[in-house]
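# task: produce atomic coordinates for the following.
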Amino acid sequence: MIAIEIRVNGKKQCLAGIADGTVDAHVFCTGRRHWRRDPKSYQCLFLSGVDKKRDEHLDWMKCDLAVGDEVVLRFVRASKIDLPAKQSRMTSRQAKEGFVRHMAKELGWKIQTK
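Below is the predicted model:
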């Protein structure tokens, strides 16, 4: 299978892949985190995915980054990958509901159901 290998500052962090699903690498940098009233910027890397066969969401890693860190993402062929740090069964509806609840909380909204 094709997998994603992540290295931070030259050190291997993770090798993630799914034969029937997706793997997502998200690297981001924010300015001040207003929702947390934190005046500092924030840099982070997430590596996660969805196993379609098992209907599971998988999390391999979350890594806080600092200014000057180097992140290398490489696509490789692999027969064996690292085990995810976290697995959770979640239907598409559950995933959507979780996202809506998260956003409502972040925005200070209250959800009312019928």
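# let me see the mean pLDDT of stretch 73-92.
Averaging pLDDT along stretch 73-92 yields 87.
# what residues of that stretch count as buried?
81, 82, 84 (16 or more other C-beta atoms under 10 Å). From N, CA and C alone the C-beta is placed, and that goes for glycine too.
# can you put those residues in CSV and add secondary structure and distance to residue 17?
CSV is the format used below for those (DSSP: H, G, I helix; E, B strand; the rest coil; distance: C-beta to C-beta, whole Å):
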residue, secondary structure, distance to residue 17
81, coil, 5
82, coil, 9
84, coil, 11
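# make TSV out of these and add distance to residue 53.
Output for the buried residues of stretch 73-92, formatted as TSV (distance: C-beta to C-beta, whole Å):
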residue	distance to residue 53
81	15
82	18
84	14
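# nearest the geometric middle of the protein, what residue?
Nearest residue to the geometric centre of the chain (C-alpha atoms, centre = their mean): residue 46, 3.6 Å.
# dig out what that residue forms beta bridges with.
Beta-bridge partners of residue 46, counted by DSSP bridges, are residue 26, residue 62.
# with that, I have no additional questions.
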